[in-house]
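S.K.: my questions are about this predicted structure, shown below with the sequence.
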Amino acid sequence: MAQWHALLQPTGGWVVIAEVSGMLKHEPLAASTQQLLCRFQAASLADGSYDFDCGAKLASCMAAAGFQVLHSIVLPDQELSFQVSCEHLIITAYTDSILCSACRVRDVEPHADRLHAPAF
């Protein structure tokens with residue numbers, strides 16, 4: 001973030017960042033699943049690959065990097081951060097998405113030998 005600040009400062013640029021907090025804190029989950037997710041979250045934080053609670057820390061990290069934080073909000077999200085039972089339409093959308101993905105995989109598999117991933 002300090003590098004971003006250094007690049008933006010001379011031009012008077014600004015930045016908008018949206019980040020999730022508590023991405024793996026779904027409820028209800030079996031105790032074994034919660035333990036697995038907690039270990040994964042801790043390992044990701046320890047190796048620096050991702051902080052699943054970054055959203056809650058973002059404003060203070062930006063300020064520490066030299067940015068002037070003008071606005072920080074938590075946005076409610078009926079799909080990802082609801083506090084009550086999931087609405088039927090959301091469940092239907094997830095189900096349709098999963099089924100559609102499975103169909104795409106089924107349709108692509110016979111042609112997999114002709115597909116090539118780009119080199120990076």
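M.R.: Received it, and whenever you're ready, just let me know what you need.

S.K.: quick one: the helices in the chain?
M.R.: Here the chain has its helices, by DSSP state H, at 2-8, 31-46, 54-64, 88-108.

S.K.: averaging pLDDT over each of those, which comes out lowest?
M.R.: For the helices of the chain, mean pLDDT drops lowest on helix 88-108, to a mean of 62.

S.K.: any idea how far the residue nearest to L29 when sequence neighbours are not counted lies from A65?
M.R.: Ranked by CB to CB, 6 or more residues apart in numbering and with sequence neighbours excluded, the top spatial neighbour of L29 is L37, at 7.4 Å. Quick note: C-beta positions are derived from backbone N, CA and C, even for glycine. Taking CB to CB, to the nearest Å as the measure, L37 and A65 are separated by 29 Å.

S.K.: more neighbours, those two?
M.R.: When neighbours are counted by other CB atoms under 10 Å, L37 and A65 differ, and L37 comes out ahead with 16 against 13.

S.K.: separation between that one and K57?
M.R.: Look at L37 and K57: by CB to CB, they are 19 Å apart.

S.K.: ok, Q35 to A43 distance?
M.R.: As it turns out, when the distance is counted by CB to CB, Q35 lies 13 Å from A43.

S.K.: what do you get for A30?
M.R.: To A43, A30 is 20 Å away according to CB to CB.

S.K.: between those two, which is the more surrounded one?
M.R.: Higher neighbour count among A30 and A43: A43, with 11 against 8, using other CB under 10 Å.

S.K.: phi, psi for W14 please.
M.R.: phi -140, psi 170 (degrees, to the nearest 10).

S.K.: burial measure for it, as a count.
M.R.: W14: 9 surrounding residues under other CB under 10 Å.

S.K.: do the same with the one 10 residues further on
M.R.: Counted with other CB under 10 Å, the burial measure for L24 works out to 16 neighbours.
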